[in-house]
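**Q** Sequence first, then the predicted structure:
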There are 2 protein chains.
Amino acid sequence: MKRIATIFLLAFVAACYSFAQQALWEKAPVTSPEVHADHTVTFRLRAPKAVRVQVVGDFEPFMADLTETDGVWTYTTPQPLPSELYSYSFIVDGLKVNDPSNVFRLRDVGTVSDIFIVGNGTADLYKVNDVPHGSLAKVWYNSPTLGASRRMAVYTPAAYDSNPRKRFPVLYLLHGMGGDENAWSELGRAAQILDNLIAQGKAEPMIVVMPNGNVDLEAAPGEGGNGFVRPTMELPRTMDACFEEAFPDIVKFIDKHYRTIPRKHARAIAGLSMGGFHSLHISKQYPEMFDYVGLFSAAIMPRIDKLPALYQDFDGKLSVQFSKHPSLYWIAIGKDDFLYEENVEFRRKLDRSGYPYEYFETDGGHIWRNWRIYLSTFVQKVSLSERRD
Amino acid sequence: MKRIATIFLLAFVAACYSFAQQALWEKAPVTSPEVHADHTVTFRLRAPKAVRVQVVGDFEPFMADLTETDGVWTYTTPQPLPSELYSYSFIVDGLKVNDPSNVFRLRDVGTVSDIFIVGNGTADLYKVNDVPHGSLAKVWYNSPTLGASRRMAVYTPAAYDSNPRKRFPVLYLLHGMGGDENAWSELGRAAQILDNLIAQGKAEPMIVVMPNGNVDLEAAPGEGGNGFVRPTMELPRTMDACFEEAFPDIVKFIDKHYRTIPRKHARAIAGLSMGGFHSLHISKQYPEMFDYVGLFSAAIMPRIDKLPALYQDFDGKLSVQFSKHPSLYWIAIGKDDFLYEENVEFRRKLDRSGYPYEYFETDGGHIWRNWRIYLSTFVQKVSLSERRD
């Protein structure tokens, strides 16, 4: 049977050479990256004219030189890498480029990096394993408060389709500054984490709603009406209370269009960095809405003189929120995070008032490695389907 | 309000410089590509150490040299470009690289190219315009015939959510060899084309189902259980009748899980290249299933000695199919397509038997530019919601 495809392929490739775009479409000359059985990783780049080629990535060592043989530059990590999803780029004579042999890439704000996974550990949760898979939809909703049609990502667990009458709890999962509605499903591997933990019986089947927290953008870069505009971190209306004020529009849309359990006990909200900030302020602004709150490397307060009303009376609103005994108030941060001290201060505030919370501290800083771990940990701590209230 | 974001951003960027990954995450030094008001396009690359920088793309001229000033290489197209979605890469001293200033890219088989859109014409259909938007979901379905769980993309029009009791017709839209369930929504801009044509009243609201036609793969590269394996054109079981035999599993799944009009008059099938081949053979194998058939740059027959049963009795099955008077049998191909002669032969066969079909011929070859045009044209020709049979 292989002949069928081969003959067709040969005819096709032959024909392509007469097309303008043929040069855009060719085989990779080398294999890169190659994750070996012992978890060392080899990078390769064919660049016969290059003088210096380096690899830069989020693993040890942070930067390394490749060596050349017959025009192919090669580097193998000196040590096995711990199980993780890694990012890297090449630097060829000072020019940072993606690995032309690797088609798997992720965009973080305005930078596209090549990625690979080292398995047999933490990162097995980030892989597509042989388990029932949920669906991931990119959905447009109308926000009357913002007067805009906006895009969000919605994960529905495998059980959602197989139990057409069952209702499900909902986790609202918020991205950070410079992110968008795709961030958690792409950089955060949210669908894979949920699929795997649900299959292992460690997390309940739940809907995960990932809206866009930048109210100036209707959608992720390239997915909205402003076209292919390069994303930046500089978005003026990301922490001015608009997103928080309009949040009930999202909950109403989800409760209307999905088979949710439309009750506080079956709703969680969590987010990273700016999304943690959003989760904090949304959950205390609407104290009847969420029973579980997750703050991942969260910003606590905007640093401005004149606070929008929604951010005012912080202590009073917290007091109301905690008087209703949220089932879980979960704070996670890495030791090297630039928001670490701010979170120490916030925990002191909670301690002074005797508000119960759980605290989870990791190594590392303000990075996706931590946020994937925080999501994986948080979703195992919520019992949203349990009937209470 | 801008101060909030700016202060947060400054703290954040400052902190990032202490992280290993800071170098992966930085501002683009130059703007590229820049589409000017007159539709000429400027490309820029900062590469002070490069000796030669070229741009290669699917526009005229196919390849051009950039010129350097102060380390920044620049090229502006000599002529305005016609409205289209274009692909390109840079070649830096012989090494093909993506444009580091452009985060918008598309993968075609194993090659990732940078893209941009020139509007005010054909390509306005490929943009996200201010119209109601449908949803795009990546869904897993079970195929009992193949004994596998497989992934597909499903577009539901905006009206699907706003009319929760209405039933909708379905277009099954198939990719070519080397493609996957993401090809039509990414390279083919299917969601944008449907959103725009539906909003203009030129196409009916319809569900568009985009399955994966490579039965050896459960999902697109990186989205399935085999992990981050670089895609190639060499897939053994793409034209061996397995996909066609298992196709009713897909139709049953869709009719079960979506509000479809589960009738022949409300079903279309179309595909490009191998997907045209699949559409041809599926539609004659199941002559009660589809009332509209679209063959875009279609392969007609596998070039093998021993045909699987599904491909045998071609003429007899065609005769049955046409005896049932399909509402539209639509053949489209470009003058330079390597499958052009094969399509001439096929049309002769249809002519000899007096089978009615429509024929649409364009310039160009076996390229996405044509397939986006064929999809845009085909969906305006189907009247799936009309009640007949």
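**A** Arrived safely.
**Q** From now on I want contacts and neighbour counts done on CA atoms only, so please keep to that.
**A** Noted.
**Q** Residue ranges in chain A under the pLDDT threshold?
**A** Applying pLDDT under 70 to chain A picks out residues A:1-28, A:235, A:386-389.
**Q** all helices of the stretch 101-250 of chain A, in order?
**A** For the stretch 101-250 of chain A, the helices defined by DSSP state H, counting those that start in this stretch cover A:158-162, A:183-186, A:190-199, A:242-245, A:247-257.
**Q** now those helices in JSON lines, with distance to residue A:51?
**A** What follows is the helices of the stretch 101-250 of chain A, written out as JSON lines (distance: least, C-alpha to C-alpha, whole Å):
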{"stretch": "helix A:158-162", "distance to residue A:51": "51"}
{"stretch": "helix A:183-186", "distance to residue A:51": "34"}
{"stretch": "helix A:190-199", "distance to residue A:51": "40"}
{"stretch": "helix A:242-245", "distance to residue A:51": "49"}
{"stretch": "helix A:247-257", "distance to residue A:51": "53"}
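**Q** quick one, what contacts the residue of the stretch 51-200 of chain A found nearest chain B?
**A** Of all residues in the stretch 51-200 of chain A, the one sitting closest to chain B is residue A:137 (3.8 Å; C-alpha to the nearest C-alpha). Neighbouring residues of residue A:137 by C-alpha atoms under 8 Å, 6 or more residues apart in numbering or on different chains: A:153-155, B:135-138.
**Q** quick one: the closest residue to chain B within the stretch 151-300 of chain A and residue A:178, what's the gap?
**A** Taking C-alpha to the nearest C-alpha, chain B has its nearest neighbour within the stretch 151-300 of chain A at residue A:236, 4.3 Å off. Applying C-alpha to C-alpha, to the nearest Å, the value for residue A:236 to residue A:178 is 11 Å.
**Q** One more: residue A:103?
**A** Applying C-alpha to C-alpha, the value for residue A:103 to residue A:178 is 23 Å.
**Q** which element is residue A:347 on?
**A** Assigned by DSSP states H and E, residue A:347 falls within helix A:340-353.
**Q** partners of the helix or strand following that helix in the sheet?
**A** With elements assigned by DSSP H and E, the helix or strand that comes after helix A:340-353 is strand A:358-362. Paired neighbours of strand A:358-362 in the sheet (DSSP bridges): strand A:328-334 (parallel).
**Q** Output the strand it pairs with as CSV - backbone C-alpha positions only.
**A** Listed next in CSV are the C-alpha coordinates belonging to strand A:328-334 (Å, rounded to 0.1, in the frame of the first residue of the first chain):
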residue,chain,number,x,y,z
LEU,A,328,-10.2,27.0,48.8
TYR,A,329,-8.1,30.1,48.5
TRP,A,330,-4.8,29.0,47.0
ILE,A,331,-1.7,31.0,46.6
ALA,A,332,1.3,29.8,44.6
ILE,A,333,4.5,31.5,43.7
GLY,A,334,8.2,30.7,42.9
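**Q** So for that strand, what gets flagged as buried?
**A** For strand A:328-334, a neighbour-count test (16 or more other C-alpha atoms under 10 Å in any protein chain shown) marks A:328-334 as buried.
**Q** Equivalent analysis for stretch A:375-389, please.
**A** For stretch A:375-389, by 16+ other C-alpha under 10 Å, it's A:375-379, A:382-385.
**Q** just checking, which of these belong to helices?
**A** Secondary structure from DSSP state H places A:375-378 of these in helices.
**Q** For chain B, give me its nearest residue in the stretch 251-389 of chain A.
**A** residue A:338 (5.5 Å).
**Q** For residue A:49, grab the count of nearby residues.
**A** By the criterion of other C-alpha atoms under 10 Å in any protein chain shown, residue A:49 has 15 neighbours.
**Q** OK, contacts around it?
**A** Contacts of residue A:49 (C-alpha under 8 Å, 6+ apart): A:71, B:93-94.
**Q** Kindly recompute the last result at 10 Å.
**A** Taking C-alpha atoms under 10 Å, 6 or more residues apart in numbering or on different chains, we find residue A:49 in contact with A:71, A:92-93, B:50-51, B:92-95.
**Q** tell me which residues form a beta bridge with the residue nearest to residue A:148 when sequence neighbours are not counted?
**A** Setting aside the residues directly before and after it, residue A:148 is nearest to residue A:142 in space (C-alpha to C-alpha, 6 or more residues apart in numbering or on different chains), at 5.9 Å. Residue A:142 has these beta-bridge partners by DSSP bridges: residue A:149.
**Q** Distance-wise, check residue A:142 relative to residue A:131.
**A** Taken as C-alpha to C-alpha, the span from residue A:142 to residue A:131 is 34 Å.
**Q** Ok, residue A:143 next?
**A** The separation that residue A:143 has from residue A:131, given C-alpha to C-alpha, amounts to 35 Å.
**Q** ditto for residue A:378
**A** Counting by C-alpha to C-alpha, the separation of residue A:378 from residue A:131 is 21 Å.
**Q** Ok, residue A:49 next?
**A** Note on residue A:49: its distance to residue A:131, by C-alpha to C-alpha, is 46 Å.
**Q** re the thing from before, format the buried residues of stretch A:375-389 as CSV; extra columns: distance to chain B.
**A** Shown next, in CSV, are the buried residues of stretch A:375-389 (distance: C-alpha to the nearest C-alpha, whole Å):
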residue, distance to chain B
A:375, 20
A:376, 19
A:377, 23
A:378, 24
A:379, 22
A:382, 25
A:383, 26
A:384, 24
A:385, 24
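**Q** Among the residues you listed, which one sits closest to residue B:188?
**A** Nearest to residue B:188 among these is residue A:375, at 33.6 Å by C-alpha to C-alpha.
**Q** I figured that closest one was touching residue A:294, is that so?
**A** Yes: judged on C-alpha atoms under 10 Å, residue A:375 makes contact with residue A:294 at a distance of 8.7 Å.
**Q** who touches both of these two?
**A** Overlap of the contact sets of residue A:375 and residue A:294 (by C-alpha under 10 Å, 6+ apart) consists of A:173, A:270-272, A:332.
**Q** Among the residues you listed, which are located in strands?
**A** Among the shared contacts of residue A:375 and residue A:294, the members found in strands (DSSP state E) are A:173, A:270-272, A:332.
**Q** so which of those residues comes closest to residue B:355?
**A** Among these, and counting by C-alpha to C-alpha, the member closest to residue B:355 is residue A:173, at 55.1 Å.
**Q** The closest one contacts residue A:277, doesn't it?
**A** No: in this structure, residue A:173 is not within contact of residue A:277 by C-alpha under 10 Å, at 11.9 Å.
**Q** Just give the number of residues close to residue A:367.
**A** Neighbours of residue A:367 using other C-alpha under 10 Å come to 18.
**Q** now it: how far from residue B:221?
**A** Distance, residue A:367 to residue B:221, using C-alpha to C-alpha: 26 Å.
**Q** what does residue A:359 give?
**A** 38 Å.
**Q** Which of these two has more residues huddled nearby?
**A** Counted by other C-alpha under 10 Å, residue A:359 and residue B:221 do not tie: residue B:221 has more neighbours, with 23 against 12.
**Q** Quick one: residues contacting that one.
**A** By C-alpha under 10 Å, 6+ apart, the contact list for residue B:221 reads A:103-104, B:109-110, B:179-182, B:227-232.
**Q** mind redoing it with 6 Å?
**A** For residue B:221, the contact set (C-alpha atoms under 6 Å, 6 or more residues apart in numbering or on different chains) is empty.
**Q** same deal with residue A:100?
**A** By C-alpha under 6 Å, 6+ apart, residue A:100 lies in contact with nothing.
**Q** excluding its backbone neighbours, what's nearest residue A:185?
**A** For residue A:185, the spatially nearest residue (C-alpha to C-alpha, 6+ apart) is residue A:191, at 6.0 Å.
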